[in-house]
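**Q** next come a sequence and a model predicted from it.
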Amino acid sequence: MNSEIDSDKRLVERVKRGDKRAFDVLVLKYQHRIANLIGRYVRDQDEVLDVTQEVFVKAYRAMANFRGDAQFYTWLYRIAINTAKNFLVAKSRRPPDTDIDIDDGEFSDHPVVISDEGNPEDLLSGEDLKEVLQKALEDLPEELRTALMLREFDGLSYGEIAQVMECPVGTVRSRIFRGRESIEKRIEEMNQE
Amino acid sequence: MDNKKLLSALYDGELTEIEEHQLLRQAGVDSSRKNWMFWQEIRLAGKAIETERRLSPGQHQLLYQRVQQAIEAEADLDAQGVHDYRHSLRHNVLELRRKVVNHIVPLGAMAAMLALAVSLVNLTVMNNSEQPQPVVQNDAVMEFNRSTAAAEKLTPAGSSPSQGIPSQLVTEDVMVADAELKALDEEGMQRLRAYLSQHDQMTQLPRKSRFAKYPGPIEK
């Protein structure tokens, strides 16, 4: 991990000295993660491409001001989240939680990844769980959702999430816990219906 | 509730050793089994959703090309940095020049004037000590010097210091400073008072005439 951070630092320094090829390497390295991150806020894939491109252009322009206090990718994540939020505001859209129609069958032909063993008695079936989870995630308050997704999907540590969200680590711990609680409660309600 | 929060952090490997010990001692593992398994399921389901939303390899290729073209169109960071540096340097030079004009030049001028005044006073004192004739021949000064000299001649030996000086020249400042003059002998005090009075008088005169005459030894 440290060598990866050091590698990023070296690339960032090269970019600052005017080496655009070094920035290409950073794009290659992080574009999948950033596109996935944007995809959680923006549903249309063409828009995901647009917003992701904007994120990297913004990052390039701001590179001269990047002092290296934070790690490059947490800095990039922060730009990505802010850009996605601004995009939604600019489009005067409601957050994707209310745009999503869980009955649109978009995911119906994909396999469901739910383990069979040790399945809690009260859990929904795999497909239902996925749909309910998606809805529950999108219904979460913005801060809880971002913290939980950065942890669950991006595998960021609490410290890294704190850097991205610019809040104390204790707050991250609380947000993730409250996010899980909220989802659990939501799924239990759905299970009882 | 608090244990469950700790369990959530334990699930993410984010508990400290002390917290971990505390949690295991208080709650044990069995009570958290259900939560833990539920969160595992949620994580897997979440990853499945994430996988489905991913861009295709073709879209990623397109994205990379678009970003690359956009960055190519951007100004070179190094060139921008040089431009910013030059701009900053120019700004700093102008700022420095403004400060010099506004602050340092007046201070320098004042210092030069002060140095000139001090050297002139020193020169005057030195001249007076060598030759008792007045240095400046301004009419007002000459008149003042004549009256002072006359007063000095009229002063009897052993009389009060202030009596040897025209009463209008004895200022309050000199009187207040009386205690400080005790170290001098009678003659010295008289000469110093005459000088100080003269100095006070000089400040009332036009600028070019401000030359004090330090009186020579009083004739006895």
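**A** Sure thing, it's come through.

**Q** and for B:Lys5, the neighbour number?
**A** For B:Lys5, the neighbour count with other CB atoms under 10 Å in any protein chain shown is 17. C-betas here are computed from N, CA, C, even on glycine.

**Q** contacting residues for the closest residue to it other than its chain neighbours?
**A** Distances taken as CB to CB, 6 or more residues apart in numbering or on different chains put A:Phe177 closest to B:Lys5, at 4.5 Å, once the chain neighbours are dropped. By CB atoms under 8 Å, 6 or more residues apart in numbering or on different chains, A:Phe177 lies in contact with B:4-5, B:8-9.

**Q** so which residues of chain B form helices?
**A** Per DSSP state H, chain B carries helices over the ranges B:2-11, B:17-26, B:33-53, B:57-73, B:77-99, B:105-130, B:139-154, B:172-176, B:186-203.

**Q** among those, which gets the worst mean confidence?
**A** Mean pLDDT across the helices of chain B is lowest at helix B:172-176; the value there is a mean of 43.

**Q** ok and the residue in chain A nearest chain B?
**A** Nearest to chain B in chain A, going by CB to the nearest CB, is A:Gly18, at a distance of 2.7 Å.

**Q** I'd guessed that residue sits against B:Ala75; true?
**A** No: with contact defined as CB atoms under 8 Å, A:Gly18 does not reach B:Ala75; the gap is 9.9 Å.

**Q** out of the two, which sits in the busier spot?
**A** Taking neighbours as other CB under 10 Å, A:Gly18 and B:Ala75 compare with A:Gly18 leading, 15 against 11.

**Q** show me the domain layout of chain A.
**A** A:1-93, A:95-193 (automatic domain parsing).

**Q** circling back to that earlier point, ok and the strand or helix carrying the residue nearest to B:Lys5 relative to helix B:2-11, angle-wise?
**A** Assigned by DSSP states H and E, A:Phe177 belongs to helix A:169-192. Put simply, helix A:169-192 runs at 100 degrees to helix B:2-11, going by axes from the mean of the first three to the mean of the last three CA atoms, to 10 degrees.

**Q** now helix A:169-192: buried residues?
**A** Within helix A:169-192, the residues that count as buried by 16 or more other CB atoms under 10 Å in any protein chain shown are A:169, A:171-184, A:186-187, A:190.

**Q** what's the answer for stretch B:91-107, then?
**A** Under 16+ other CB under 10 Å, stretch B:91-107 has no buried positions.

**Q** next, count neighbours for A:Asp154.
**A** Residues contacting A:Asp154 under the criterion other CB under 10 Å number 17.

**Q** contacts only, for it.
**A** Contacts of A:Asp154 (CB under 8 Å, 6+ apart): A:33, A:36-37, A:77.

**Q** quick one: low-confidence parts of chain A?
**A** Within chain A, the stretches with pLDDT under 70 are A:1-2, A:92-126, A:193.

**Q** in it, what residue spans correspond to helices?
**A** For chain A, helices defined by DSSP H occupy the ranges A:2-16, A:20-39, A:45-62, A:72-90, A:96-99, A:126-139, A:142-152, A:158-165, A:169-192.

**Q** which residues are contacting the second one?
**A** Here helix A:20-39 makes contact (CB under 8 Å, 6+ apart) with A:8, A:11-12, A:14-15, A:45, A:48-49, A:51-52, A:55-56, A:60, A:63, A:72-73, A:76-77, A:80-81, A:83-84, A:153-154, B:50, B:53-55, B:60, B:63-64, B:67-68, B:71-72, B:76.

**Q** pull out the buried residues from these.
**A** A:8, A:11-12, A:14-15, A:48-49, A:51-52, A:55-56, A:60, A:63, A:72-73, A:76-77, A:80-81, A:83-84, A:153-154, B:50, B:53, B:55, B:60, B:63-64, B:67-68, B:71.

**Q** leaving out chain neighbours, which residue sits closest to A:Gln134?
**A** Residue nearest to A:Gln134 in three dimensions, not counting chain neighbours: B:Ile49, with 5.5 Å by CB to CB, 6+ apart.

**Q** related to what we said a few turns ago, what about the residue of chain A closest to chain B, distance to A:Leu26?
**A** Separation of A:Gly18 from A:Leu26 (CB to CB, to the nearest Å) stands at 15 Å.

**Q** got it, and A:Val12?
**A** For A:Val12 relative to A:Leu26 (CB to CB), the value is 8 Å.

**Q** quick check: neighbours shared by these two?
**A** A:Phe72.

**Q** find the centremost residue of chain A, please.
**A** With distances taken as CA atoms, centre = their mean, A:Leu37 lies nearest the centre of chain A, 3.6 Å away.

**Q** can you put the domains of chain A in JSON lines and add distance to B:Ile18?
**A** Output for the domains of chain A, formatted as JSON lines (distance: least, CB to CB, whole Å):
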{"stretch": "domain A:1-93", "distance to B:Ile18": "24"}
{"stretch": "domain A:95-193", "distance to B:Ile18": "15"}
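
**Q** looking at the ones you listed, which is closest to B:His199?
**A** B:His199 lies closest to domain A:1-93 among those, at 61.9 Å (CB to CB).

**Q** is it true that A:Lys16 touches A:Asn65?
**A** No: the criterion here is CB under 8 Å, and A:Lys16 misses it with A:Asn65 at 10.0 Å.

**Q** and the two? Which one has more around it.
**A** Relative neighbour count places A:Lys16 above the other of A:Lys16 and A:Asn65, with 18 against 7, counting by other CB under 10 Å.

**Q** out of the domains of chain A, nearest to B:Leu96?
**A** Set against B:Leu96 and scored by CB to CB, the domains of chain A come closest in domain A:1-93, at 24.6 Å.

**Q** tally of neighbours for the residue nearest to A:Gln134?
**A** The number of residues packed near B:Ile49 is 19, by other CB under 10 Å.

**Q** correct me if wrong: it contacts A:Leu129.
**A** No: applying CB under 8 Å, one finds B:Ile49 not in contact with A:Leu129, separated by 10.3 Å.

**Q** that's all I had, so thanks and see you.
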